[in-house]
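S.K.: 3D, please:
(chains A and B)
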Amino acid sequence: MSSNKLLLGLAGAAMLAGSMVVAPPVQAEDSIFVPMLTYRTGPFAGSGTPIMDGMHDYFTMLNERDGGIGGVMLEIEECETAYNAQKGVECYESVKDRDPVVINPYSTGITLQLIPKAPVDEIPILSMGYGLSATAVGESFPWTFNAPSTYWSQMSGIIRYIEAQGDGIAGQKIGFIYLDVGYGREPIPLLDELASEMGFEVVKIPVGVKDMQNQSSHWLQVRRERPDWMIMWGWGAMNPTAIKEAAKINYPMDHFIGVWWSGGNVDVTPAGEGAVGYLSANFHGTGTDFPAIQDIITHVVEAGKSLADPDTVGDNFYNRGVANAVATAEAIRTAQQVTGVSVVTGVEMREGLENLNITAERLTEIGLEGFMNPMQITCEDHAGAHPIYIQQWDGENWNRVSDWIEPMSDRVRPMLEAAAEAYLADKPEWQTQTCN
Amino acid sequence: MSDTTLKSDGGSSMSQTQRNWLITVLILAAAVAGSFVAGSDSLLYKVFVGPFVEMYEVPDLFVQVLWEGLVAGTLYALVALGFVLIFKASGVFNFAQGIMVVFGGLSLVGFYAAGVPAFLSLALSVAMMYGLAWTVERVVLRPLVNQDPLILFMATIGLTYFLIGFGEFIFGGEPKTMITQEIGLPSGSYDFDWFGGFVSFQKLDIAAAVIAAIMVGCLAVFFNKTRIGRALRAVADDHQAALSVGITLRQIWVIVWFAAGIVALTTGIMWGARSDVSFALQVIALKALPVIILGGLTSIPGAIVGGLIIGVAEKTAEFYWGPLVGGSIESWIPYFIALGFLWFRPQGLFGEKIIDRI
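M.R.: Model (predicted):
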């Protein structure tokens, strides 16, 4: 054997020995398993990383400060999907037998794959502020939740904001630039419906995933069409590129509104001064000025238990992760109260989610007064049609520039019910539920 | 049987290419005539006449589209150049070229973030690309020498995944902002009021075009005028003959991978400045594939002219014809254009006519 081969063999043996030292994770019987589908890698890591940090840190803070929820520790485990639906399903399959309490897919593509699996495996899916809009209809989708708002409700809120500004919306031209995948296409039915009802024109500009960072021709179309307002449904590397291109053609930033996934700090900072004035929807507060986030800093970040860059704590997407973790944690607590079981699993969690009621008092109690609007989920309405607000980037921070805007529930709900019915039309075996 | 064969056999009075031209011109003439008959609301008119009328009536936007196409084309040409350099010298189709673009950009931003001054970071990034070239030669190419080119191609796929993981391990997965001003790249734009509208030239894009031109010039001088350049061309022609006259294959490989690395670094800086430096950038390497179909894998002028043609054609197509089919045609239209070109020039842009006698 040559010395090279000997070295190689030794290295291989060392690696093998090393891997045996690390024991496979053994789930404690008295803990609640909260898997996280993350994407800290790949083209969408810029959007994903801060959200995952926020979620991870809030759960860790509950463990460190309170010893978990209701005296039961949370077992947090990440599974990397790179925003790839196939990997997302693999992650789901790898955790489903370990009694996960809930799955947060963090991708509309992955959510669409998991919706039919959830009732079979009895694991609730919480697609918080994304996913299939129709899953808001609780009777048709007992196992999927998309509070605080569907994409359709959010779009109706953005349209309401535009309607309230100066010239109203009738006769205006709205440009809709979107990532050309399931997520970006999701709000189009509602947008078309509202356009014909309210008398505005829509110009749709899809951006393919391959061209996320190559949008010059798309924005030249914007220059040709001269829309009065631009609405963006972007994600990952598409967002900063779009904002840069918009600045390049001198599009007025205060008439450019992003969905709440197009409002990260990483989305606006690369454009520098050009991004000042850009608007984005939101449903929670930004910054660190909340006792709960201060607790995260004390118990997690400063204790070296966070993966986040300390400067990003309190950023919009970090706080999005916190909001998601709060909804999950409060649903676990509700599940414990409603079912009397302390180590809850998916079945109890579904009860907890359907009875979730985060009141203003409760928000104050958990150190998040004014952080978000009170949030309630019911058996009938798994989204809750909660209000949104519009924020504006001033070059350093996001500032709230609107009151809470109620979505057009009277228009959206019938459309959601029709979409749910259409989804179930070819699935005779589908398990529905009746709400009293 | 290729058209050139037909011609060399003298069996036909009109070559396949000429026939293709004739068919295309006839179809186009019929379509244009048809669109005038059908009126300006017809689909025929919107496809064959409307866009050209718009180009004429709104020339400022047309000039802007051409400019954006040229800038994108310059960058596609740089990526394609990376492929061509390595293929010419080693016969390897380097699948890792895209990730090398990301790696170059990330290392520059990474060094700067670690507190190294901007220009020193640039020098260190260049050194890093050399290190990468040396390592690839030592660890990947040398053990696989004399293997089938397909095996080497597979190895570069492996290299791609290794570099993705390694890059994420060192630099993290989140996107970073390119240090545009710190390394002396200009910002802002020159705006001109033309034809009743305005045309805007980003200073950064002008810089990209100038730097790309300088780089191509330097490479041309290097390959044509220096001893190493001549050696490299010898290797490209015939490995064994080059070895027999005492050219070191290993050295050539390191140099050529290093040159491709520098090209990748430049592309990473330029594209990173236009959007951001993230792993999503590697997909732009795919944009080089239609350029290569068009320009050929062995021709440096082919990569450059092919890049410019693809850039201009795809932007024009997306802008004028995209809305007719709901947009987002930019992802596939370059392949269509490249194949369209081959319809007229089967040997590619600068390829030589291969005459096979059977």
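S.K.: can you list the residues of chain B near chain A?
M.R.: Residues of chain B found near chain A, taking Cβ under 8 Å from any Cβ of the partner chain as the criterion, are B:58, B:61, B:64-65, B:68, B:71-72, B:164, B:168, B:172-175, B:177, B:189, B:200, B:202, B:271, B:274-276, B:278-281, B:283-284, B:286-287, B:314-315, B:318-319, B:322-323, B:326-328, B:330-331. For the C-beta atoms, the positions are set from N, CA and C on the backbone; glycine is no exception.
S.K.: Filter these down to the buried ones and hand me the PyMOL line.
M.R.: Typed into PyMOL, the line below selects the buried ones among the residues of chain B next to chain A, using 16 or more other Cβ atoms under 10 Å in any protein chain shown:
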select buried, chain B and resi 61+64+65+68+71+72+164+168+172+173+174+175+177+189+200+202+271+274+275+276+278+279+280+281+283+284+287+314+315+318+319+322+323+327+328+330+331
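S.K.: Tell me which stretches of the chain form strands.
M.R.: All of this refers to chain A. Taking DSSP state E as the test, the strands found in chain A are A:31-38, A:73-80, A:125-126, A:144-145, A:173-179, A:201-207, A:229-233, A:256-258, A:279-282, A:357-358, A:375-376, A:389-393, A:398-400.
S.K.: Sorry, I should have been clearer: chain B.
M.R.: Ranges of strands within chain B are B:189-194, B:197-202, based on DSSP E.
S.K.: most neighbours per residue, which of those strands?
M.R.: Of the strands of chain B, the one with the most neighbours on average (mean count of other Cβ atoms under 10 Å in any protein chain shown) is strand B:197-202, at a mean of 17.
S.K.: Within range of chain B, give me the residues from chain A.
M.R.: So chain A meets chain B at A:39-46, A:49-50, A:180, A:204-214, A:216-218, A:220-221, A:223-224, A:236-237, A:240-241, A:244, A:248-249, A:266, A:269-270 (Cβ under 8 Å from any Cβ).
S.K.: Now the buried members of those.
M.R.: Buried residues within those, counting neighbours by 16+ other Cβ under 10 Å: A:39-46, A:49-50, A:180, A:204-214, A:216-218, A:220-221, A:223-224, A:236-237, A:240-241, A:244, A:248, A:266, A:269-270.
S.K.: Which members of the residues you listed occur in helices, if any?
M.R.: Under the assignment DSSP state H, those contribute A:45-46, A:49-50, A:216-218, A:220-221, A:223-224, A:240-241, A:244, A:248, A:266 to helices.
S.K.: got any ranges where the chain has weak pLDDT?
M.R.: Assuming you mean chain A. Within chain A, the stretches with pLDDT under 70 are A:1-29.
S.K.: my bad, chain B
M.R.: B:1-13, B:351-356, B:358.
S.K.: And the residue in it sticking out farthest from the centre, how far from chain A?
M.R.: Largest separation from the mean C-alpha position in chain B: B:Val37, at 41.0 Å (Cα atoms, centre = their mean). The gap separating B:Val37 from chain A is 28 Å, by Cβ to the nearest Cβ, to the nearest Å.
S.K.: re the thing from before, any idea which of the strands of chain A is most buried?
M.R.: Greatest average neighbour count among those goes to strand A:144-145 (a mean of 28), per mean count of other Cβ under 10 Å.
S.K.: by contact count, what packs against it?
M.R.: Helices and strands touching strand A:144-145, by 3 or more Cβ pairs under 8 Å, 6 or more residues apart in numbering or on different chains; DSSP states H and E, are strand A:125-126.
S.K.: thinking A:Val343 is in contact with A:Gly68, fair?
M.R.: No: using Cβ atoms under 8 Å, A:Val343 is not in contact with A:Gly68; the gap is 10.1 Å.
S.K.: what do the two both touch?
M.R.: Common neighbours of A:Val343 and A:Gly68 (criterion: Cβ atoms under 8 Å, 6 or more residues apart in numbering or on different chains): A:31-32.
S.K.: Give me the nearest residue to residue 201, chain neighbours excluded.
M.R.: Because you didn't say which chain, this covers chain A. A:Lys173 (4.7 Å; Cβ to Cβ, 6 or more residues apart in numbering or on different chains).
S.K.: that's the other chain; I wanted chain B
M.R.: B:Tyr190 (4.7 Å).
S.K.: B:Phe62 too?
M.R.: According to Cβ to Cβ, 6+ apart, the nearest residue to B:Phe62 is B:Met55 (4.4 Å).
S.K.: quick one, phi/psi of A:Thr385?
M.R.: Not quite, residue A:385 is Ala, not Thr. Phi and psi for A:Ala385, reported as degrees, to the nearest 10, are phi 50, psi 50.
S.K.: do B:Gly39 as well
M.R.: phi 100, psi 170.
S.K.: Does it touch B:Gly50 like I think?
M.R.: No: applying Cβ under 8 Å, one finds B:Gly39 not in contact with B:Gly50, separated by 11.3 Å.
S.K.: which of these two has more neighbours?
M.R.: Neighbour tally, B:Gly39 and B:Gly50, criterion other Cβ atoms under 10 Å in any protein chain shown: the higher count belongs to B:Gly50, 19 against 9.
S.K.: so what's that one up against?
M.R.: Taking Cβ under 8 Å, 6+ apart, one finds B:Ser40 in contact with B:Gly50.
S.K.: Fine, thanks again, bye for now.
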